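[1] sequence unknown, structure follows:
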């Protein structure tokens, strides 16, 4: 047994080092005085100040945050409906197609979804005269793939608890809607919360679909980051990475607390 | 209730299903650089013919499949012992161990790929350590090779491998292993005849969640692979953004979709089964 425990410990040490060493180095080098990201020249907050005065990066971040807020909320609503249907509605015409449509965006290569979304928006511009590419089209694109992730989270949560509570409420004369509001919704509220957070993160991070549907005038944060790192390593990106890791860790802690409190 | 079904159904039909019809239509079109949008609709099979006869495209298809498959195997070889070790850890430690697997997924994918650029560059941290420690005075450069692409895919998609494996192993009935031991099976026999077959759903789900997106991956081959690595996602991107050839890019998308329809259907079946089981 001791041998097995040591094996497990070694595996985990190695795996977590693999996962976290690159991130840790990015964070360390955000405090580097040198412009060369690979040479350590002493501690400095220079790049932190530079990023905080980088107007282009800040406005891109602000745009990304607004897009993420709207698309996460839309995804949460649509994902809630889709997850509920998958877990609770047994039969209706087109159920198989519905199930496939909900799950497919999770694994569909993003370049394929990106080009198809763009062609849809170009087509609607030809036929309907709009919408112009920008904020709205990005929100629609992000919502379309994030809602799948929310739906899976909701479906898993609904499959977890037994239906007798809902059935009891219905037997006592509650309408389906009031059953949902007073029984189901409070039980799955934490799952909706973490689904929303997941959709928010996915939107904030998306590069490929955004690049396809953004149009010429719109630049989100990942688009800026991408055009900067294409040219090589840039210490300001290290600062940004440090901020993102800090926020993600905080968000995950909140989400874990939400799910644990039942 | 009808509205609850109709709302997400309509959304996905309009924004997910309908666009593929358009991609299919454009894929048979002709490139028209002077008009906007740069496409002339038609019935032109040339785009597809090119994809299967041009050496560059054929090489890109083959190397995408090869890189995705080997990265998937590497992720499985790393992810399986990891998931196993987490399941066997003390119950109070499991949530934090799992959270540490998920955390990178909540940070930016782009930034995690970027992290490897600084590590693997010619004057990067890895080479500096090698030189400084005297292990290798003239190390080669990993950045810009297929090795870097493999590494990036394993790194980027590892959480997708570990989570389904963990979910399956967690439900495993360990008394079966004790029974096998009582009947005289060695640890390796127990693993091969009990643990491995029972963890198959997790293996299938994890492998598909790595393989399918990896075939069409763009960011990793673009940032880590350099000009030497051909992958189909990057080809599609370049045809679209650099050459502005929409019909060819659409044809690539359609072929990618046809190629992945089997794995995606398998993934969906697996997903439906795992959620319907109580």
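    Received the coordinates, thanks. This is a predicted model, so every value here is computed, not measured.

[2] Just say helix, strand or coil for the closest residue in space to residue A:36 that isn't next to it in sequence.
    Excluding its sequence neighbours, the residue lying closest to residue A:36 (Cβ to Cβ, 6 or more residues apart in numbering or on different chains) is residue B:123, at 7.7 Å. Where you see a C-beta, it was placed from the backbone N, CA and C, and this is true even at glycine. Of the three states, residue B:123 takes coil according to DSSP: H, G, I helix; E, B strand; the rest coil.

[3] So residue B:123 versus residue B:222, what's the distance?
    From residue B:123 over to residue B:222 the distance is 21 Å, taken as Cβ to Cβ, to the nearest Å.

[4] Quick check: buried residues in whichever strand or helix holds residue A:247?
    Counting by DSSP states H and E, the element that carries residue A:247 is helix A:235-260. Neighbour counts over helix A:235-260 (16 or more other Cβ atoms under 10 Å in any protein chain shown) mark A:235-242, A:244-245, A:248, A:251-252, A:255-256, A:258 as buried.

[5] and residue B:35, what is it in contact with?
    For residue B:35, the contact set (Cβ atoms under 8 Å, 6 or more residues apart in numbering or on different chains) is empty.

[6] Wait, a helix at it?
    No - counting by three-state DSSP, residue B:35 is not found in a helix; it is coil.

[7] What is the neighbour count of whichever residue of the stretch 151-278 of chain B sits closest to chain A?
    Distances between the stretch 151-278 of chain B and chain A by Cβ to the nearest Cβ are smallest at residue B:216, namely 2.5 Å. For residue B:216, the neighbour count with other Cβ atoms under 10 Å in any protein chain shown is 28.

[8] burial measure for the nearest residue to it once chain neighbours are set aside, as a count.
    Distances taken as Cβ to Cβ, 6+ apart place residue A:109 nearest to residue B:216, at 2.5 Å, with adjacent residues excluded. By other Cβ under 10 Å, 24 other residues sit near residue A:109.

[9] Ok, residue A:61 next?
    Residue A:61 - counted by other Cβ under 10 Å - has 19 other residues nearby.

[10] for chain A, which helix is longest?
    Looking across chain A with DSSP state H, the single longest helix is helix A:55-88.

[11] I'd like the distance between residue A:180 and chain B.
    Counting by Cβ to the nearest Cβ, to the nearest Å, the gap from residue A:180 to chain B is 9 Å.

[12] Wasn't that residue part of a helix?
    Yes - judged by three-state DSSP, residue A:180 forms part of a helix.

[13] Tell me how far it lies from residue A:195.
    Counting by Cβ to Cβ, the gap from residue A:180 to residue A:195 is 17 Å.

[14] Tell me which of the two has more neighbours.
    Using other Cβ under 10 Å as the criterion, residue A:180 and residue A:195 rank with residue A:195 on top: 27 against 18.

[15] And the residue of the stretch 151-278 of chain B closest to chain A, how far from residue A:63?
    Here residue B:216 is placed at a distance of 26 Å from residue A:63 (Cβ to Cβ).

[16] Would you map the strands across the chain?
    I'll assume chain A. Secondary structure of chain A by DSSP state E: no strands are present.

[17] The chain in question should be chain B.
    Going by DSSP E, chain B shows strands at B:30-31, B:39-40.

[18] Which of those has the lowest mean pLDDT?
    Lowest mean pLDDT of those: strand B:39-40, a mean of 79.

[19] That one pairs with which strands, parallel or anti?
    Its sheet considered, strand B:39-40 pairs with strand B:30-31 (antiparallel) by DSSP bridges.

[20] thinking again about what came up before, if you count surrounding residues, which of residue B:123 and residue B:222 has more?
    More crowded of residue B:123 and residue B:222, by other Cβ under 10 Å: residue B:222, with 19 against 13.

[21] for that one, what are its contacts?
    Contacts for residue B:222 (Cβ under 8 Å, 6+ apart) come out as A:230, B:234, B:237.

[22] Can you tell me how far it is from residue A:43?
    33 Å.

[23] neighbouring contacts of stretch B:169-184?
    Identification of contacts with stretch B:169-184 by Cβ under 8 Å, 6+ apart yields B:83-84, B:87, B:189-190, B:193-195, B:198-199, B:202.

[24] repeat that for 7 Å
    Outside of stretch B:169-184, the residues within contact range by Cβ atoms under 7 Å, 6 or more residues apart in numbering or on different chains are B:83-84, B:87, B:190, B:193-195, B:198-199, B:202.

[25] just stretch B:203-217 next, same as before
    A:107, A:109, A:111-112, B:64-65, B:68-69, B:71-72, B:75-76, B:79, B:153, B:157, B:160-161, B:164-165, B:231-233, B:256, B:260, B:263-264, B:266-267, B:270.

[26] List the buried residues in stretch A:189-204.
    Buried, per 16+ other Cβ under 10 Å, within stretch A:189-204: A:190-204.

[27] and whichever residue of the stretch 1-150 of chain A sits closest to chain B, what pLDDT?
    Closest approach of the stretch 1-150 of chain A to chain B (Cβ to the nearest Cβ) occurs at residue A:109, with a separation of 2.5 Å. Note for residue A:109: predicted pLDDT of 87.

[28] So, low pLDDT: which residues of the stretch 101-250 of chain A?
    Scanning the stretch 101-250 of chain A for pLDDT under 70 picks out no residues.

[29] Thanks again, I'm all set now.
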